[in-house]
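[1] could you look at this predicted model? Sequence included:
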Amino acid sequence: MARRPVDDSAGPQQHDLKPEVAARFVSGTRVKAGERVLDAGAGLGAITAELLTLGAQVTCAEFAPERLQALRQRFGPACDIVSADLRSWVPGFVGPWRVVANPPFHLTAALVRGWVLGPQPPHALDLILQHETAEKLSAPGTRSGAMLACAGQATFVARLPREATTPPARVDLAVWRFRRGRDLDPRDLAAVDLLLERAFAGPRTVAEALRGVASKIQLQRQGAEFGWDPQAHPRTVPPQAWLPLARLLAMCGKL
């Protein structure tokens, strides 16, 4: 697979998903023939090879020149192979699409956020991530977890050993899944993201974090209706409660 820097100080690391692990992973995604699928950080193509056997329309996005060459030699015209820096590249697909990938670890959070908040978001994400990252993205009491819960359902599927890659990863891995569950107006989800950024910026209560954005009465009414305490930490707010609060504040011109 593509480069896997575990942390910025450790230097770049390249870990390739073992073919048998890629086969089990892709089988669990239930990709159907004809689906448009992005393999982000395709590396040497272990995931792409399995997707092609299912008849998917695959786009490989890879940054490392030597790995791009290996992908072109291996797959030729069987799939679209794109030289892309995932930090700035926008897929630009028309129609439904999904992601099945083992993206670079240091880009995971930014990529997931960009995909879900994009104007043409994927309907599904199936990713192999660091174990800790997968846990955070699945937890409704985190900023990322709350945002994802407003858009659909995030699931920690399975833990993978470090030996799932060659050479072994430095940390345990996990299979993580997201399914978009509602057809939200992108502006609503963007408002939720702005609200969560403010709410989770420090160890404060909801009322303290949103001072100047939401009035005491607004918070009291929203808390009473949706079952949360404005004087508690934002992690205690039910994920589904952030959307109506964001809509209210956006309507009032506060977001």
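    Good, I have the coordinates. Numbers count the residues shown, from 1 in each chain.

[2] burial measure for Asp85, as a count.
    Using other CB atoms under 10 Å, Asp85 has 9 other residues around it. Every residue, glycine included, has its C-beta placed from N, CA and C.

[3] now Arg204
    Using other CB under 10 Å, Arg204 has 14 other residues around it.

[4] OK, contacts around it?
    Counting by CB atoms under 8 Å, 6 or more residues apart in numbering, Arg204 touches His233.

[5] try it again with 6 Å
    Arg204 makes contact with no residue under the criterion CB atoms under 6 Å, 6 or more residues apart in numbering.

[6] before we move on, what about Leu54?
    Val31.

[7] outline the domain layout of the protein.
    8-180, 186-251 (automatic domain parsing).

[8] how deep is the closest residue to Trp228 other than its chain neighbours tucked in, by neighbour count?
    Excluding the flanking residues, the one nearest Trp228 by CB to CB, 6 or more residues apart in numbering is Val237, at 4.5 Å. Other residues near Val237 come to 24 when the count uses other CB under 10 Å.

[9] do Ile128 as well
    27.

[10] end to end, how far does stretch 135-155 reach?
    9 Å (CA to CA, to the nearest Å).

[11] can you check stretch 35-46 too?
    18 Å.

[12] same question for stretch 101-120.
    OK, stretch 101-120 end separation, CA to CA: 18 Å.

[13] just use 58 as the starting number from now, easier for me
    Will do, 58 is the new start, and the previous item becomes stretch 158-177.

[14] how far away from the center of its chain is it?
    5 Å (CA atoms, centre = their mean, to the nearest Å).

[15] re the thing from before, could you export the domains of the chain as JSON lines, including mean pLDDT?
    Putting the domains of the chain into JSON lines (pLDDT from 0 to 100) gives the following:
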{"stretch": "domain 65-237", "mean pLDDT": "93"}
{"stretch": "domain 243-308", "mean pLDDT": "96"}
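
[16] gap between the residue nearest to Trp285 and Gly175?
    25 Å (CB to CB, to the nearest Å).

[17] what does Ala271 give?
    Taking CB to CB as the measure, Ala271 falls 27 Å from Gly175.

[18] of the two, who's got more company?
    Of the pair Ala271 and Gly175, Ala271 is the one with more neighbours under other CB under 10 Å, namely 24 against 14.

[19] and Leu252, how many neighbours?
    29.

[20] ranges for the strands of the stretch 208-312 of the chain?
    209-217, 222-223, 230-237 (DSSP state E, counting those that start in this stretch).

[21] sheet partners, orientation included, of the shortest one?
    By that I understand strand 222-223. Paired strands of strand 222-223, with direction, are strand 73-74 (antiparallel) (DSSP bridges).

[22] immediately after the partner strand, which helix or strand?
    helix 76-86 (DSSP states H and E).

[23] can you tell me the closest non-neighbouring residue to Val214?
    Val232 (4.1 Å).

[24] cool, and Val94?
    Ala113 (4.5 Å).

[25] the one you found reaches Lys89, doesn't it?
    No. At 7.7 Å, Ala113 does not count as touching Lys89 under the criterion of CB atoms under 6 Å.

[26] what about the closest residue to Gln275 other than its chain neighbours, neighbour count?
    Once flanking residues are discounted, Gln275 sits nearest to Leu305: 6.6 Å by CB to CB, 6+ apart. When neighbours are defined as other CB under 10 Å, Leu305 has 17 of them.

[27] also Leu143?
    Here the number of neighbours of Leu143 (other CB under 10 Å) works out to 19.

[28] go on, Thr262?
    Counted with other CB under 10 Å, the neighbours of Thr262 add up to 17.

[29] now do the contacts for it.
    If you count contacts by CB under 6 Å, 6+ apart, Thr262 has them with Gln288.

[30] phi and psi next, for it.
    Torsion angles at Thr262 (phi, psi; degrees, to the nearest 10) stand at phi -70, psi 170.

[31] next one: it from Thr293, what distance?
    For Thr262 relative to Thr293 (CB to CB), the value is 9 Å.
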